[in-house]
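Participant: Provided below for reference: sequence and predicted model.
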Amino acid sequence: MKIEVRQVSHPEATKGFDTAALRRHFLIESLFQPDEIALTYSHIDRLVVGGAMPVSKALELTAPKPIGTTSFMARRELGVVNIGGAGRVWADGGVHDLDAHEALYVAMGAGEVRFESVDVASPAKFYLISAPAHARHKTVKISRAMANVRELGSPAQANERTIYQMIHPDVCASCQLVLGMTVLKPNNMWNTMPCHTHDRRSEAYLYFDLRADARVIHLMGEPQETRHLVVANEQAILSPGWSIHSGVGTSNYAFIWAMAGDNQDFDDMDMVPMEALR
Ligand SMILES: O=C(O)C(=O)C[C@H](O)C(=O)CO
Ligand SMILES: [Zn+2]
């Protein structure tokens, strides 16, 4: 298992970052490595973001030093979304089969967590996102059918998309984590525009189902001081509370968003008027 620690960047420092520094601080380029769990520990809301890609063996989620407890789940909750072939997750004493686009909420105190692919020829790719937790809820599998569905956007704004809220107070209880998947309708390229910030919560995006030769131009930064990251398929971005998080693809794509912080209110956003963006 690998883990990289990223410190918090102040918005005033971020203004002076060149492309390489912006990418080093805010972009996670390689989450899915065969037979590896690759994690990034970010000090924004102590989010742990990563991927587990079991191929020839099962992979166990252990607790390296930055986690600070004897087991990973001792004082944390975990969201898992499979974006690959069929897979299985052992957690909380049970086995949970996860097909593509299915999610699992793993409760604090779940004990050992292990990941396995059903078919070596089509390995599972488990996206992982974890936040500190203070209470034990239920470990629950969330299919797309169980998600809270929100339709947003319009063809005229090239942003028609479906939001599947999966770890959300209307679907399952969690301490901090709120997680979902947004799927752009064909020929619609913009996500989260008009854009917003929410200083009460940090967020992470994992872009996926993007063609290998396509990119998402992800917009970040304070609304009056925007920067961009050029993002490839299966790469993730970290979005501190002060930053907008929006993107436009050169081709169709989907993404998984996840948040943690002071509240779980999806609609608690500070919308940025278009004329304020710089
Ligand atoms: O398509 C969107 O808009 C989103 O998915 C927005 C994210 O869910 C978000 O930023 C929630 O705060
Ligand atoms: Zn947001």
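Facilitator: Cool, got the structure. Ligands and ions are numbered 1, 2, ... in the order given.
Participant: neighbours of Leu22, how many?
Facilitator: 17 (other C-beta atoms under 10 Å). In short, each C-beta sits where N, CA and C put it, glycine included.
Participant: would you tell me which helix is longest in this protein?
Facilitator: Taking DSSP state H as the criterion, the chain has its longest helix at helix 19-26.
Participant: beyond that helix, next helix or strand please.
Facilitator: Next helix or strand after helix 19-26 toward the C-terminus (DSSP states H and E): strand 27-28.
Participant: returning to what we had before: using PDB, write out every CA atom in the longest helix of the chain.
Facilitator: Extracted C-alpha coordinates of helix 19-26, given in PDB (Å, rounded to 0.1, in the frame of the first residue of the first chain):
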ATOM      1  CA  THR A  19       1.300  24.500 -13.700                       C
ATOM      2  CA  ALA A  20       3.600  21.900 -12.100                       C
ATOM      3  CA  ALA A  21       2.900  23.200  -8.500                       C
ATOM      4  CA  LEU A  22      -0.800  23.400  -9.100                       C
ATOM      5  CA  ARG A  23      -0.800  19.700 -10.300                       C
ATOM      6  CA  ARG A  24       1.400  18.600  -7.400                       C
ATOM      7  CA  HIS A  25      -0.900  20.100  -4.800                       C
ATOM      8  CA  PHE A  26      -4.400  19.500  -6.300                       C
END
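Participant: quick check: residues of the protein near ligand 1?
Facilitator: Residues of the chain lying close to ligand 1 (C-beta under 6 Å from any ligand atom) are 152, 161, 163, 182, 191-192, 198, 203, 245, 257, 259, 269.
Participant: which of these are buried?
Facilitator: Those of the residues of the chain next to ligand 1 that meet the buried threshold are 161, 163, 182, 191-192, 198, 203, 245, 257, 259, by 16 or more other C-beta atoms under 10 Å.
Participant: redo those as CSV? Include secondary structure and pLDDT.
Facilitator: Formatted as CSV, these follow (DSSP: H, G, I helix; E, B strand; the rest coil; pLDDT from 0 to 100):
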residue, secondary structure, pLDDT
Arg161, strand, 97
Ile163, strand, 98
Thr182, strand, 98
Asn191, strand, 98
Thr192, coil, 98
His198, coil, 98
Glu203, strand, 98
His245, coil, 98
Trp257, strand, 98
Met259, strand, 98
